[in-house]
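Asks: give me coordinates for this.
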Amino acid sequence: MTCGWLTLAEKIRRIGVVGAGAWGTALASVAARAGRETVLWAREPEVIKAINSDHENTPFLPGVTLDARISATDDLKTVAEADALLLVVPAQYTRAVLSELGPHLKPDTPAVLCSKGIEMASLKLMSDVLRETLPSALVAVLSGPSFAADVARDLPTAVTLACADRARGQALAQALGLPTFRPYLSGDVVGAQVGGAVKNVMAIACGIVEGQKLGDSARAALIARGFAEMARLGEKLGAAPETLAGLSGLGDLILTCTSHQSRNFSLGFALGSGQTMADYMADKTSVAEGAATSGAVEKLAAAHNIEMPICQAVAHIISERSDVSSVITALLSRPFTAE
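Replies: Residues are numbered from 1 along each chain as shown. Next up, the predicted model:
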């Protein structure tokens, strides 16, 4: 007798990916390698042409040959006909795109949030934005230590796939999972999002430490204290501690705080090396999600009366309320306290 979740997995034959940046393109590659027909939505005509004609996303993921089963389109209605959706739009644009998608979506379609951030205008998690814009969709979250280039090149990666409906979560894991792309199931949708959002802010902080040449000991301390901040916010929002100690929390924090492949770490390094935000963004086509998330986390922490001094420091630097040197001095001058 076939398991219920396996039957559900067999029904996921076509996957729609909303957002054709590097991460969306990498996830489309995963879906295609898993044997699913894959349609990738993009706004940019040059991206659509490059994928359909040359099987390469030249603007966002150059040098990676894409499976011929991946097609690109600018028609959200076409993408909405898929059996499951991967939502990979930058966090601050998610509400607008999902509002466009909503009228075309079939009821009960699995919608997997793959972007990491908190909506600046409302201070809401992406799952809240999804429920408001696509109320009939099944909510899931995919998050964890994963660089787009590694995933696109089929290098081993493990992620958290969080879904409150366990059978549907198992079906999604079966539909997307590969020996080199391993989804670990969780029921904690909130925790998977808190970890992914806060680690981006911490990656900016670690990049600043690197740019300032403050040493590996300082970075290790920052990662540890940053994890404490993540845990405090997660507890307040209802996240499970084991989720934050897993792939989508600690795992992702370690990866993005230690590599220049991370857009957030690279942004921090540029700021720590003396560049301005305007200088850094001048030639960039991709978004460092932590820049906007830092301000959202700062406001959330204030609203819930949580101490998150590292996140607050990053927010001050990003918004140019303080310079790097004065922020570092302020952090190092904080009173000694218990761990």
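
Asks: strands of the chain, residue ranges please.
Replies: 14-18, 37-41, 70-73, 84-87, 110-113, 138-143, 157-163, 181-186 (DSSP state E).

Asks: which stretches of the stretch 201-339 of the chain have low pLDDT?
Replies: Applying pLDDT under 70 to the stretch 201-339 of the chain flags residues 285.

Asks: go ahead and confirm G102 touches R131.
Replies: No - G102 is beyond contact range of R131, at 11.5 Å (criterion: CB atoms under 8 Å). Quick note: C-beta positions are derived from backbone N, CA and C, even for glycine.

Asks: before we move on, the earlier item: out of the strands of the chain, the one nearest I317 is which?
Replies: Using CB to CB as the measure, strand 138-143 is the one of the strands of the chain that comes nearest I317, at 24.9 Å.

Asks: could I get the closest one in PDB with only the CA atoms?
Replies: C-alpha atoms of strand 138-143 as PDB (Å, rounded to 0.1, in the frame of the first residue of the first chain):
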ATOM      1  CA  LEU A 138      -0.500  25.700   1.800                       C
ATOM      2  CA  VAL A 139       2.300  27.500   3.600                       C
ATOM      3  CA  ALA A 140       5.800  26.000   3.700                       C
ATOM      4  CA  VAL A 141       9.300  27.400   4.200                       C
ATOM      5  CA  LEU A 142      12.600  26.300   2.700                       C
ATOM      6  CA  SER A 143      15.700  27.600   4.400                       C
END
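
Asks: ok, the closest residue to N200 other than its chain neighbours - how many residues close by?
Replies: Distances taken as CB to CB, 6 or more residues apart in numbering place G290 nearest to N200, at 3.2 Å, with adjacent residues excluded. The tally of other residues near G290 (other CB atoms under 10 Å) stands at 31.

Asks: list the contacts for G290?
Replies: Taking CB atoms under 8 Å, 6 or more residues apart in numbering, we find G290 in contact with G117, N200, V201, M202, A203, I204, N264, L267, V314.

Asks: change it to 10 Å
Replies: Each residue near G290 by CB atoms under 10 Å, 6 or more residues apart in numbering is listed here: 116-117, 197-205, 207, 256, 262-265, 267-268, 297, 311, 314-315, 318.

Asks: hmm, A205 is touching H316, no?
Replies: No - with contact defined as CB atoms under 10 Å, A205 does not count as touching H316 (11.3 Å).

Asks: what do those two both touch?
Replies: With contacts taken as CB under 10 Å, 6+ apart, the residues that reach both A205 and H316 are S294, V327.

Asks: who has more neighbours out of the two?
Replies: Comparing A205 with H316 by other CB under 10 Å, the one with more neighbours is A205, at 29 against 19.

Asks: quick one: that one and T276, what's the gap?
Replies: Distance from A205 to T276, counting by CB to CB, to the nearest Å: 17 Å.

Asks: counting neighbours, what do you get for the nearest residue to P179 once chain neighbours are set aside?
Replies: Closest residue to P179 apart from its sequence neighbours, by CB to CB, 6+ apart: P156 at 7.9 Å. Counted with other CB under 10 Å, the neighbours of P156 add up to 11.

Asks: tell me the buried residues in stretch 100-115?
Replies: By 16 or more other CB atoms under 10 Å, the buried positions in stretch 100-115 come out as L101, G102, L105, T109, P110, A111, V112, L113, C114, S115.

Asks: roughly how far is that stretch from the heart of the chain?
Replies: Distance, stretch centre to chain centre, for stretch 100-115: 17 Å (CA atoms, centre = their mean, to the nearest Å).

Asks: span of it from start to end?
Replies: This stretch, stretch 100-115, spans 17 Å end to end (CA to CA, to the nearest Å).

Asks: would you mind checking the average pLDDT for it?
Replies: For stretch 100-115, mean pLDDT is 96.

Asks: could you do stretch 153-162 as well?
Replies: The average pLDDT within stretch 153-162 is 98.

Asks: show me what counts as buried in that stretch.
Replies: Those would be D154, T157, V159, T160, L161, A162, for stretch 153-162 by 16+ other CB under 10 Å.

Asks: quick one, what contacts the residue nearest to P179?
Replies: Residues near P156 by CB under 10 Å, 6+ apart: D150, L178, P179, T180, F181, R182.

Asks: top of those residues by neighbour count?
Replies: The most neighbours of any of the contacts of P156, using other CB under 10 Å, belong to F181, which has 22 neighbours.

Asks: leaving out the residues flanking it, which one is nearest to that one?
Replies: In space, and not counting its chain neighbours, F181 is closest to V30: 5.0 Å by CB to CB, 6+ apart.

Asks: hmm, T38 and that neighbour touching each other?
Replies: Yes - assessed by CB under 10 Å, V30 is found in contact with T38 at 8.9 Å.

Asks: between these two, what contacts are shared?
Replies: The contact lists of V30 and T38 share I15, V17, D67, L86, where a contact means CB under 10 Å, 6+ apart.

Asks: how far away is the third one from N200?
Replies: As defined by CB to CB, D67 lies at a distance of 29 Å from N200.

Asks: count of residues packed around the closest residue to G238 other than its chain neighbours?
Replies: Leaving aside its sequence neighbours, G238 sits nearest to V190 (CB to CB, 6+ apart; 5.1 Å). By other CB under 10 Å, the residues close to V190 number 18.
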